[in-house]
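S.K.: using only what follows, build the 3D model:
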Amino acid sequence: MLFETKDVGQYRVFSFSEDIDARSDISHLLLTIEEDIKRGVSCFAVEFSARSYLYSKTLAVLVRCMNTVRDAGGRLAVVSENKKLLEAIEMFHLDTMLPVCCSLDELPEC
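M.R.: Model (predicted):
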(Lines give C-alpha, C1' and ligand atoms only; values in the text may rest on other atoms or scores of the structure.)
Protein backbone atom coordinates (compact mmCIF):
# COMPACT_ATOMS: atom_id res chain seq x y z
CA MET A 1 0.00 0.00 0.00
CA LEU A 2 1.69 3.16 -1.21
CA PHE A 3 1.42 6.54 0.42
CA GLU A 4 2.76 9.95 -0.43
CA THR A 5 4.68 11.84 2.25
CA LYS A 6 4.45 15.61 2.48
CA ASP A 7 4.91 18.27 5.12
CA VAL A 8 1.93 20.50 5.86
CA GLY A 9 2.66 23.13 8.48
CA GLN A 10 4.03 21.32 11.52
CA TYR A 11 2.74 17.93 10.34
CA ARG A 12 4.33 15.11 8.37
CA VAL A 13 1.37 13.86 6.34
CA PHE A 14 1.03 10.37 4.91
CA SER A 15 -1.58 10.38 2.13
CA PHE A 16 -2.69 6.99 0.89
CA SER A 17 -2.96 6.93 -2.89
CA GLU A 18 -5.17 3.84 -2.90
CA ASP A 19 -8.42 3.11 -1.12
CA ILE A 20 -7.99 1.15 2.11
CA ASP A 21 -10.09 -2.01 2.26
CA ALA A 22 -10.11 -5.37 4.04
CA ARG A 23 -7.12 -6.62 2.01
CA SER A 24 -4.95 -3.56 2.63
CA ASP A 25 -1.74 -3.78 4.62
CA ILE A 26 -0.52 -0.45 5.99
CA SER A 27 1.96 -1.92 8.48
CA HIS A 28 4.88 -0.10 6.81
CA LEU A 29 3.31 3.14 8.05
CA LEU A 30 4.42 2.29 11.58
CA LEU A 31 8.01 1.69 10.45
CA THR A 32 8.05 5.01 8.61
CA ILE A 33 6.70 6.86 11.65
CA GLU A 34 9.30 5.21 13.91
CA GLU A 35 12.08 6.33 11.55
CA ASP A 36 10.70 9.87 11.37
CA ILE A 37 10.51 10.07 15.17
CA LYS A 38 14.21 9.18 15.29
CA ARG A 39 14.82 12.10 12.91
CA GLY A 40 12.98 14.49 15.25
CA VAL A 41 9.53 14.63 13.65
CA SER A 42 6.79 14.74 16.28
CA CYS A 43 3.54 15.65 14.51
CA PHE A 44 1.94 13.27 12.03
CA ALA A 45 -1.28 13.02 10.07
CA VAL A 46 -2.64 10.08 8.13
CA GLU A 47 -4.86 11.08 5.22
CA PHE A 48 -7.23 8.44 3.89
CA SER A 49 -9.04 8.61 0.55
CA ALA A 50 -12.75 9.34 0.37
CA ARG A 51 -13.54 5.67 -0.34
CA SER A 52 -11.31 4.09 2.31
CA TYR A 53 -12.63 2.21 5.31
CA LEU A 54 -10.90 1.07 8.48
CA TYR A 55 -11.00 -2.68 8.97
CA SER A 56 -9.58 -4.44 12.03
CA LYS A 57 -6.09 -4.91 10.55
CA THR A 58 -5.89 -1.24 9.57
CA LEU A 59 -7.28 -0.09 12.92
CA ALA A 60 -4.66 -2.17 14.74
CA VAL A 61 -1.83 -0.47 12.85
CA LEU A 62 -3.39 2.95 13.40
CA VAL A 63 -3.59 2.32 17.16
CA ARG A 64 0.05 1.16 17.23
CA CYS A 65 1.05 4.32 15.36
CA MET A 66 -0.94 6.45 17.76
CA ASN A 67 0.70 4.83 20.79
CA THR A 68 4.18 5.12 19.28
CA VAL A 69 3.72 8.81 18.52
CA ARG A 70 2.16 9.51 21.91
CA ASP A 71 4.98 7.69 23.74
CA ALA A 72 7.45 9.92 21.89
CA GLY A 73 5.57 13.03 23.02
CA GLY A 74 4.05 13.75 19.63
CA ARG A 75 0.65 13.92 18.03
CA LEU A 76 -1.10 11.82 15.38
CA ALA A 77 -4.18 13.02 13.51
CA VAL A 78 -6.48 11.35 10.99
CA VAL A 79 -7.76 13.17 7.92
CA SER A 80 -10.58 11.96 5.68
CA GLU A 81 -13.72 13.24 4.00
CA ASN A 82 -15.29 9.79 4.40
CA LYS A 83 -18.01 9.99 7.05
CA LYS A 84 -18.14 6.19 7.46
CA LEU A 85 -14.41 6.08 8.17
CA LEU A 86 -14.76 8.88 10.72
CA GLU A 87 -17.74 7.09 12.30
CA ALA A 88 -15.61 3.94 12.68
CA ILE A 89 -12.98 5.98 14.52
CA GLU A 90 -15.66 7.40 16.79
CA MET A 91 -17.22 3.96 17.35
CA PHE A 92 -13.91 2.72 18.78
CA HIS A 93 -13.49 5.99 20.73
CA LEU A 94 -10.20 6.75 18.96
CA ASP A 95 -11.43 10.30 18.45
CA THR A 96 -10.86 10.86 22.17
CA MET A 97 -7.16 10.11 21.70
CA LEU A 98 -6.36 11.66 18.34
CA PRO A 99 -7.67 14.60 16.33
CA VAL A 100 -10.00 13.66 13.48
CA CYS A 101 -10.30 16.15 10.62
CA CYS A 102 -12.14 16.31 7.32
CA SER A 103 -9.31 18.23 5.60
CA LEU A 104 -5.67 19.13 6.09
CA ASP A 105 -6.77 22.72 6.70
CA GLU A 106 -8.46 21.56 9.92
CA LEU A 107 -5.33 20.09 11.53
CA PRO A 108 -4.91 21.55 15.01
CA GLU A 109 -1.74 23.21 16.24
CA CYS A 110 0.83 20.65 17.19
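
S.K.: please name the bridge partners of the spatially most central residue of the chain.
M.R.: By Cα atoms, centre = their mean, the chain has its centre lying nearest to Val46, at 2.8 Å. In this entry, Val46 is beta-bridged to Phe14, Val78, by DSSP bridges.

S.K.: now do it against Thr5, distance only.
M.R.: The gap separating Val46 from Thr5 is 11 Å, by Cβ to Cβ, to the nearest Å. (C-beta placed from N, C-alpha, C; glycine too.)

S.K.: shared neighbours of these two, which are they?
M.R.: 13-14 (Cβ atoms under 8 Å, 6 or more residues apart in numbering).

S.K.: Cys65 is in contact with the residue nearest to the centre of the chain, correct?
M.R.: Yes - taking Cβ atoms under 8 Å as the definition, Val46 is a contact partner of Cys65 at 7.3 Å.

S.K.: common neighbours of these two, please.
M.R.: Residues touching both Val46 and Cys65 by Cβ under 8 Å, 6+ apart: 29, 76.

S.K.: what about this structure, any weak spots by pLDDT?
M.R.: 1 (pLDDT under 70).

S.K.: for it, what spans make up the helices?
M.R.: With DSSP state H as the criterion, the chain has helices at 28-38, 56-71, 83-91.

S.K.: out of these, flag the one nearest Ala50.
M.R.: Each of these was scored for nearness to Ala50 using Cβ to Cβ, and the closest is helix 83-91 (8.7 Å).

S.K.: distance between that closest one and the chain's centre?
M.R.: 13 Å (Cα atoms, centre = their mean, to the nearest Å).

S.K.: one step back: nearest to Ala22, of the helices of the chain?
M.R.: From these, taking Cβ to Cβ, the stretch that ends up closest is helix 56-71, at 7.7 Å.
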